[in-house]
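Trainee: Provided below for reference: sequence and predicted model.
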Amino acid sequence: MDMKTMKFRGTYTVMITPFDEQGAVDIPALRRFVDWQIENGIHGLVPLGSTGEFLSLTDDERALVAQTVIDQAAGRVPVLIGTGAENTLDVIRYSKSAEQMGADGVMIIPPFYSTPTDDELFVHYDRIARAINIPIMLYNNPATANVDLVPELVSRLSEIDNCTMIKESTMDVTRVRDIIRLCGDRLDVFGGIMGFESFIEGAVGWVAVASNAAPTQMSQIFNLCQKAETIAAARDLYYEYTPLIRFVGGQAYVAGSKALLHHMGLEVGQPRAPRLPLPAALDKQAAELVRQYKLAYTPA
């Protein structure tokens, strides 16, 4: 299949990175996590996003995580590697490496310190696209990137050959509508925060945090949205799991996800500094959510 024209759809987990008791990347746990996600119906995987603590990993660790997920997924679901960095040359290097490893695409947040102009962002993504032959998912998260990929700029970026998707991570779901209206079939939209709402506006996917702990349910929300007669059921499921989605939707998205998995029976370690483990009160909430939703890590 030509990956430049391949359609990516569904709920994709922006994955945590497991660490062992010594704080090293836990490869056996990562392999188990990939298998469990796929066995429980997830449509795609995105390692080395913000939830994967990519900025806290060395280059060797980033490569190790990327290769492990690609190899373990073994083509069962698409894998998009997060290759964001402040330096365009670093993004090109990470992205070329991901392509060589067999990634299906890359997800790239804008440079997050230099506050680039629209022209600088266009050149940044254009240079990356010219260096690789796999699709690029733009990643709009102004809260962390310090720049906002507004729909008009996204339309301009969608003219770049490989820029075929965007993860739209603002609370303004009308962005989905406007991006689709301006870009047409040049670019597919994935929700980043507002999953169900994004599907209703026409998004083809959701890059979700909550699916680290609940891949079946988060994927089912997408599945139910595909037919008009089951949208109400999708809404009901979404409302039912909103407390879980909100729990990992704020600053505790890394520590919260790891705490949930710990209480579910999958040890994935603690976040790396400067992040800290959840305080006791929030960890108690994580345990209660696991009990409430009957979440469990049950490998096949």
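Mentor: Yes, it's here.
Trainee: Give me the buried positions along the lengthiest helix in the chain.
Mentor: Counting by DSSP state H, the longest helix found in the chain is helix 231-247. Under the neighbour-count criterion of 16 or more other Cβ atoms under 10 Å, helix 231-247 has Ala234, Arg235, Leu237, Tyr238, Tyr241, Leu244, Ile245, Phe247 buried. For the C-beta atoms, the positions are set from N, CA and C on the backbone; glycine is no exception.
Trainee: Please apply the same query to stretch 52-60.
Mentor: Residues Gly52, Glu53, Phe54, Leu57 are the ones in stretch 52-60 that count as buried (16+ other Cβ under 10 Å).
Trainee: give me the element Ser219 is part of.
Mentor: In this assignment (DSSP states H and E), Ser219 forms part of helix 215-224.
Trainee: which residues touch that helix?
Mentor: 9-11, 13, 36-37, 40-43, 195-196, 199, 205-206, 208, 210-211, 230-231, 233-234, 237-238, 241, 293 (Cβ atoms under 8 Å, 6 or more residues apart in numbering).
Trainee: re the thing from before, so which of the buried residues of stretch 52-60 comes closest to Pro142?
Mentor: Phe54 (18.0 Å; Cβ to Cβ).
Trainee: helix or strand right after the least confident helix or strand in the chain by mean pLDDT?
Mentor: Sorted by mean pLDDT, DSSP states H and E, the helices and strands of the chain end with helix 142-145, the least confident at a mean of 91. Using DSSP H and E, the helix or strand that directly follows helix 142-145 along the chain is helix 151-157.
Trainee: if I pick Lys167, what's in contact with it?
Mentor: Contacts of Lys167 by Cβ under 8 Å, 6+ apart are Met107, Met137, Leu138, Tyr139, Asn140, Asn141, Phe190, Gly191, Gly192, Val207.
Trainee: Filter the residues you listed down to just the ones in strands.
Mentor: Counting by DSSP state E, those place Met107, Met137, Leu138, Tyr139, Asn140, Phe190, Gly191, Val207 in strands.
Trainee: Contacts only, for the residue lying closest to Arg272 once chain neighbours are set aside.
Mentor: Leaving aside its sequence neighbours, Arg272 sits nearest to Ser56 (Cβ to Cβ, 6 or more residues apart in numbering; 4.2 Å). Shown in contact with Ser56 (Cβ under 8 Å, 6+ apart): Pro271, Arg272, Ala273, Arg275.
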